[in-house]
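Undergrad: let's see this in three dimensions:
(one chain, ligands or ions: 2)
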Amino acid sequence: MKVLITGVNGLIGNEIAKEFFGKASFTVGTGRGAQRCKSLDLYVELDLEETSKIRSVLDQVKPDVIIHSGAISQVDVCEENKEKAFRINVQATKEIVSWCSDRNKRLVFFSSDFVYAGKSLSYDEQDFQSPVNYYGYTKMMAERCIYENLKNFSIIRPVLVYGLKDSAKRENIFSWLRKDLSDNKIVKIVYDQWRKPTYVDDVALATASIVFGKFTGSFNICGPQEYSVFGFAREIATILDTPLANILPVSGKDLNQAGDRPPITGFSCKRAKQYFNYNPRSLRDVFPEILDC
Ligand SMILES: NC(=O)C1=CN([C@@H]2O[C@H](COP(=O)(O)OP(=O)(O)OC[C@H]3O[C@@H](n4cnc5c(N)ncnc54)[C@H](OP(=O)(O)O)[C@@H]3O)[C@@H](O)[C@H]2O)C=CC1
Ligand SMILES: Cc1cn([C@H]2C[C@H](O)[C@@H](COP(=O)(O)OP(=O)(O)O[C@H]3O[C@@H](C)C(=O)[C@@H](O)[C@H]3O)O2)c(=O)[nH]c1=O
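TA: Ligands and ions are numbered 1, 2, ... in the order given. This is a model prediction of the structure:
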């Protein structure tokens, strides 16, 4: 099976490449600019904003499965650059969907918990979508295009993914907190947003189970433990043995972020557990391996 992973230099894409490299018969990654992910048989530069080039790259590579992780994942960037965000997060996905539909190829798409309004820690896959920011809207629009045009697809919605910043440019809550707390800096962390943070390796493992198991439809996946983000930061500080006093509680409004955040998001992961025995690890379970690197 030839797998093509878009956004392969990013946090999730890079981890997925590590999972597939050597297991798939051929693992291809695409990204913007130079290759940073090392676990690939082939890297092809592909700027998703140049939507007219997408089909020719896919015709050249001829993948059996496309794992579409590439997107503007910064919520505030999407809020402040709506046209660019639509082009990359929706229009590019439409091009990929059309290519998959013409050739009956399989698509695995990364959506987000941010398609939901943010009132529950146990959203299931059929729950009503009502995004509170433009990033979430682009994910909902991309999902709609997939549902309307494909049968052979899987949609994966993770929550607040964290892990070591291997090749990713974008920080994640663990990477920047570990750095700032270890540098004894004061950080302001929201006490009014609740999440079930997801370890990036568990996202990669779930993706492999879905692809190799040929499971279709949507899968809400997240970590096993619910936290206020403030509580999650305090757990990281406790394990790092850095001063808890360096973490100041603030409200989401105090962060003055361009995009609203859904207050409470999380999943029961019932479908993922049923289909491929999804068994995510907690922060404490994974800390030794994260710290080791
Ligand atoms: N992280 C999280 O908490 C969650 C992420 N997701 C989704 O999962 C996917 C992966 O997220 P994550 O790995 O965390 O995010 P990253 O930002 O780390 O990775 C996204 C990748 O997409 C690439 N990209 C952005 N714009 C373009 C473009 N125009 N052309 C080509 N590539 C582009 C980025 O390139 P570059 O490396 O050059 O910046 C980056 O490598 C995204 O679709 C995101 O929306 C869903 C839920 C939670
Ligand atoms: C930068 C910052 C963030 N936070 C909180 C806000 C939020 O709850 C959490 C993460 O903030 P960020 O702005 O990094 O990420 P945010 O955009 O909130 O996270 C989202 O990313 C996209 C890709 C998704 O799809 C979502 O699932 C989710 O993970 O940390 C603070 O409390 N203090 C800070 O200084």
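
Undergrad: the closest residue to Val250 other than its chain neighbours: what secondary structure?
TA: Once flanking residues are discounted, Val250 sits nearest to Lys188: 4.4 Å by C-beta to C-beta, 6 or more residues apart in numbering. The C-beta positions use only the backbone N, C-alpha and C, and glycine is treated the same way. With DSSP: H, G, I helix; E, B strand; the rest coil as the basis, Lys188 sits in strand.

Undergrad: try Phe86
TA: Under three-state DSSP, Phe86 falls in the helix class.

Undergrad: ok, now Thr27?
TA: Using three-state DSSP, the structure places Thr27 in strand.

Undergrad: I'd say it and Ile5 touch.
TA: Yes - when contacts are counted by C-beta atoms under 8 Å, Thr27 is listed as touching Ile5 (7.2 Å).

Undergrad: write out the residues of the stretch 151-293 of the chain neighbouring ligand 1.
TA: Residues of the stretch 151-293 of the chain lying near ligand 1 by C-beta under 6 Å from any ligand atom: 158, 160-161, 168-170, 172.

Undergrad: which one of the residues you listed is nearest to ligand 2?
TA: Using C-beta to the nearest ligand atom, Leu160 is the member of those that lies nearest ligand 2, at 4.0 Å.

Undergrad: higher neighbour count, Thr27 and Ile5?
TA: Taking other C-beta atoms under 10 Å, Thr27 and Ile5 do not tie; Ile5 has more neighbours (33 against 27).

Undergrad: against ligand 1, how distant is the residue of the chain positioned farthest from its centre?
TA: Residue farthest from the centre of the chain, counting by C-alpha atoms, centre = their mean, is Ala245 at 30.6 Å. Separation of Ala245 from ligand 1 (C-beta to the nearest ligand atom, to the nearest Å): 27 Å.

Undergrad: you'd agree that residue is in a helix?
TA: Yes - counting by three-state DSSP, Ala245 falls inside a helix.

Undergrad: returning to what we had before: identify the contacts common to Thr27 and Ile5.
TA: Contact criterion C-beta atoms under 8 Å, 6 or more residues apart in numbering; residues shared by Thr27 and Ile5: 17, 20.

Undergrad: low-confidence regions, this protein specifically.
TA: Confidence mapping of the chain against pLDDT under 70 gives the ranges 292-293.

Undergrad: state which helix of it is the longest.
TA: Longest helix of the chain, by residue count under DSSP state H: helix 134-149.

Undergrad: contacting residues around that helix?
TA: 71-75, 78-79, 82, 85-86, 89-90, 93-94, 97-98, 101, 107, 109, 111-112, 114-116, 129, 131, 153, 155, 218, 259, 262.

Undergrad: which bits of the chain sit near ligand 2?
TA: Checking the chain against ligand 2 by C-beta under 6 Å from any ligand atom, the hits are 73, 75, 112-114, 159-160, 173, 188-190, 193, 229, 255, 261.

Undergrad: hmm, 5 Å instead?
TA: Within reach of ligand 2 by C-beta under 5 Å from any ligand atom, the chain has these residues: 73, 75, 112-114, 160, 173, 189-190, 193, 229.

Undergrad: dump the following helix or strand past the longest helix of the chain to CSV, restricted to CA.
TA: Using DSSP states H and E, the next helix or strand after helix 134-149 towards the C-terminus is strand 153-157. C-alpha atoms of strand 153-157 as CSV (Å, rounded to 0.1, in the frame of the first residue of the first chain):
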residue,chain,number,x,y,z
PHE,A,153,-13.1,7.8,3.7
SER,A,154,-12.2,8.1,7.4
ILE,A,155,-12.4,11.4,9.4
ILE,A,156,-10.3,11.7,12.6
ARG,A,157,-11.0,14.4,15.2
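
Undergrad: one step back: top of the residues of the stretch 151-293 of the chain next to ligand 1 by neighbour count?
TA: Comparing those on neighbour count, Pro158 comes out first with 26 neighbours (neighbours: other C-beta under 10 Å).

Undergrad: from what I can see that residue touches Asp113, true?
TA: Yes - here Pro158 reaches Asp113: they are 7.1 Å apart, a contact under C-beta under 8 Å.

Undergrad: intersection of neighbour lists for these two?
TA: Taking C-beta under 8 Å, 6+ apart as the criterion, Pro158 and Asp113 both touch Cys222.

Undergrad: doesn't Val108 make contact with Val211?
TA: Yes - Val211 is in contact with Val108 according to C-beta under 8 Å; the separation is 6.2 Å.

Undergrad: intersection of neighbour lists for these two?
TA: 65, 67, 154.
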